[in-house]
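Novice: kindly return the folded structure for what I paste below:
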Amino acid sequence: MSPAIILGILLAISVAGNALLAKLYVGAREDVARITQAFNSFKAQVKVEGETAQKKAAATEMADKLKKDTADAENAATVARLNADIGKLRRDRDRARGSIVPPAPAGSGCPPEQACFDRAGLELALRDFVAGTRGLADQAAAVEADLNTAKRWAQATP
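Specialist: The predicted model follows:
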């Protein structure tokens, strides 16, 4: 074969190869552009969904905070009302009863201020005991009110 024919064949193969590569390059650029457009569309969609979710979360958080503040206020009012009622009942009872220690019997051989025990000491000890017991009862009532408020709040929250 002559060198001119070989050069012609090589030139034809080179032109065909370049045409094929150009077509592949244009196709690849179109694929990249299509994928880039799809990716940009996906990013925009995710951004919109993220902003929507943030707005919804902020609204839910505000609603939950309002519910909590309302429940706290109701709880504080309930505890205050209970404490006032309990205090009034206790004061009425203490005024009606007077001394914790009963009076000495009329025919007792001991002096009136002593009936087999130190009246003042027993009176003080019993008053301290009653005050401590009342304090524990007050704490239990407050905890019960808090628990009931928390249960109501939890049941109201979806």
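
Novice: quick one, longest helix in this structure?
Specialist: Criterion DSSP state H: the longest helix present in the chain is helix 3-97.

Novice: and Ala140, how far from Thr60?
Specialist: Going from Ala140 to Thr60 by Cβ to Cβ, to the nearest Å gives 34 Å. In this view, the C-beta of every residue, glycine as well, is placed from N, C-alpha and C.

Novice: let me redo that: Asn40
Specialist: 30 Å.

Novice: could you do Gly98 as well?
Specialist: Taken as Cβ to Cβ, the span from Gly98 to Thr60 is 58 Å.

Novice: between those two, who's got more neighbours?
Specialist: Thr60 (12 against 9; other Cβ atoms under 10 Å).

Novice: do you know the pLDDT at that one?
Specialist: Model confidence at Thr60, given as pLDDT, is 91.

Novice: repeat that for Phe117.
Specialist: 69.

Novice: shaky segments in this protein?
Specialist: Applying pLDDT under 70 to the chain flags residues 101-117, 157-158.

Novice: for the longest helix of the chain, packing partners?
Specialist: With contacts taken as 3 or more Cβ pairs under 8 Å, 6 or more residues apart in numbering; DSSP states H and E, helix 3-97 sits against helix 119-156.

Novice: neighbours around Lys88, how many?
Specialist: Every residue meeting other Cβ under 10 Å relative to Lys88 is counted, giving 10.

Novice: follow-up on the earlier one: ok and the longest helix of the chain relative to helix 119-156, angle-wise?
Specialist: 150 degrees (axes from the mean of the first three to the mean of the last three Cα atoms, to 10 degrees).

Novice: and helix 3-97, how far out from the chain middle?
Specialist: 22 Å (Cα atoms, centre = their mean, to the nearest Å).

Novice: cool, stretch 147-158 as well?
Specialist: A distance of 12 Å separates the centroid of the chain from that of stretch 147-158, by Cα atoms, centre = their mean.

Novice: try stretch 130-140
Specialist: 30 Å.
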